[in-house]
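> This is the structure alone, sequence omitted:
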């Protein structure tokens with residue numbers, strides 16, 4: 001039992017934590033006040049290097065592409081790149097493989113074990129596309145963009 005005049009180890013530790021947190025809070029307030037004074041002395045608070053880093057052109061606005069430009073339909077034919085990025089090329093190559101499989105077999109039911117697993121990776125890819133397509137239709141986050149959805153929906157038959 002702890003005596004009346006004695007404090008437990010937990011109470012001592014809690015008091016030390018409170019003192020440490022109070023000192024940190026005081027330090028943060030002082031730094032904020034110092035920053036505020038610097039900002040007022042420098043006009044808008046941005047030095048030349050900071051404005052250069054942030055993309056500020058001095059008008060108070062940043063030069064960023066608009067959100068609507070990001071949502072615009074992606075057409076890789078009119079892309080500024082000479083060739084599409086590697087992942088896009090790989091996706092289109094898989095789509096071509098899927099079309100070839102359909103032309104040879106007449107369906108998209110790709111078995112993982114048929115032909116000694118020759119089409120296993122294509123079947124796995126198609127399964128991922130089906131899952132991503134379902135997410136896209138539910139308006140959830142998906143790796144499929146509008147162009148890919150259009151290409152998948154353009155496949156003949158029930159993919």
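Yep, that arrived. What you see is a predicted model; the values in this text were computed from it and never measured. Numbering: from 1, shown residues only.
> Quick check: which ranges of this protein have low pLDDT?
Applying pLDDT under 70 to the chain flags residues 1-5, 43-81.
> So which residue is dead centre in it?
By Cα atoms, centre = their mean, the chain has its centre lying nearest to residue 141, at 9.9 Å.
> pretty sure it is touching residue 132, no?
No. Here residue 141 does not reach residue 132: they are 9.5 Å apart, not a contact under Cβ atoms under 8 Å. For every residue, glycine as well, the C-beta is placed using N, CA and C.
> In what element of secondary structure is residue 111 found?
Take DSSP states H and E as the rule and residue 111 turns out to sit in neither a helix nor a strand.
> any idea how far it is from residue 137?
In this structure, residue 111 lies at 25 Å from residue 137, with Cβ to Cβ, to the nearest Å as the measure.
> do the same with residue 125
Applying Cβ to Cβ, one obtains 19 Å for the distance of residue 125 from residue 137.
> what about the two, which has more around it?
Neighbours per residue (other Cβ atoms under 10 Å) separate residue 125 from residue 137, with residue 125 holding more: 18 against 11.
> hang on, that one packs against residue 94?
Yes. Counting by Cβ under 8 Å, a contact exists between residue 125 and residue 94, whose distance comes to 5.1 Å.
> SS state for the residue nearest to the centre of the chain?
What DSSP: H, G, I helix; E, B strand; the rest coil gives for residue 141 is coil.
> Which helix or strand contains the closest residue to it other than its chain neighbours?
Distances taken as Cβ to Cβ, 6 or more residues apart in numbering put residue 135 closest to residue 141, at 6.8 Å, once the chain neighbours are dropped. For residue 135, the element it lies in under DSSP H and E is helix 120-137.
> Same question for that helix: list its buried residues.
Along helix 120-137, the positions that meet the burial threshold by neighbour count (16 or more other Cβ atoms under 10 Å) are 122-123, 125-126, 129, 132-133, 136.
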